[in-house]
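Peer 1: Here is a sequence with its predicted model. Questions after.
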Amino acid sequence: MGKSVALAYVLWFFLGYLGIHRMYCGKVPSGVAMLACTVIGGLTFPIVIGHLLLFIVGVWWLVDLFLTAGMAMH
């Protein structure tokens, strides 16, 4: 049985950079990876790797705009 698509998108919009929407949809490993990239990127922001990690999370978050409905329905 699927999850609420509306709630998944609310989580995506407000907490998407933390991977919470992925965890809600049952994609826990990728949600934790997204959370880890955000935390590590935030901590290492003063050096180049932090910028790269946060850029990757930002792109991942935008791609999830199109994937979240499918993840929630499965």
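Peer 2: Nice, I can see it.

Peer 1: Centre-most residue in the protein?
Peer 2: Centroid check for the chain by CA atoms, centre = their mean gives residue 19 as the closest residue, at 3.1 Å.

Peer 1: Can you give me the pLDDT of that residue?
Peer 2: pLDDT, residue 19: 97.

Peer 1: I'd say it and residue 25 touch.
Peer 2: No. Residue 19 is beyond contact range of residue 25, at 10.2 Å (criterion: CB atoms under 8 Å). All C-beta spots, glycine's among them, are computed from the backbone N, C-alpha and C.

Peer 1: picking up where we left off before, which residue is the nearest non-sequential neighbour of the residue nearest to the centre of the chain?
Peer 2: Nearest residue to residue 19, sequence neighbours excluded (CB to CB, 6 or more residues apart in numbering): residue 34, at 3.1 Å.

Peer 1: what's the neighbour count on the one you found?
Peer 2: 24 (other CB atoms under 10 Å).

Peer 1: Look at it and report its pLDDT.
Peer 2: Confidence score, pLDDT, at residue 34: 98.

Peer 1: And the residue nearest to the centre of the chain, how far from residue 48?
Peer 2: Residue 19 is 23 Å from residue 48, where distance means CB to CB, to the nearest Å.

Peer 1: Which helix or which strand is home to the closest residue to residue 41 other than its chain neighbours?
Peer 2: Spatial nearest neighbour of residue 41, excluding adjacent residues (CB to CB, 6+ apart): residue 53 at 3.2 Å. If you go by DSSP states H and E, residue 53 is part of helix 48-73.

Peer 1: where does the chain have low pLDDT?
Peer 2: By pLDDT under 70, the weakly predicted segments of the chain are 1.

Peer 1: check contacts around the residue nearest to the centre of the chain.
Peer 2: The contact partners of residue 19, taken as CB atoms under 8 Å, 6 or more residues apart in numbering, are 30, 31, 32, 33, 34, 35, 38.

Peer 1: All good on my end, thank you.
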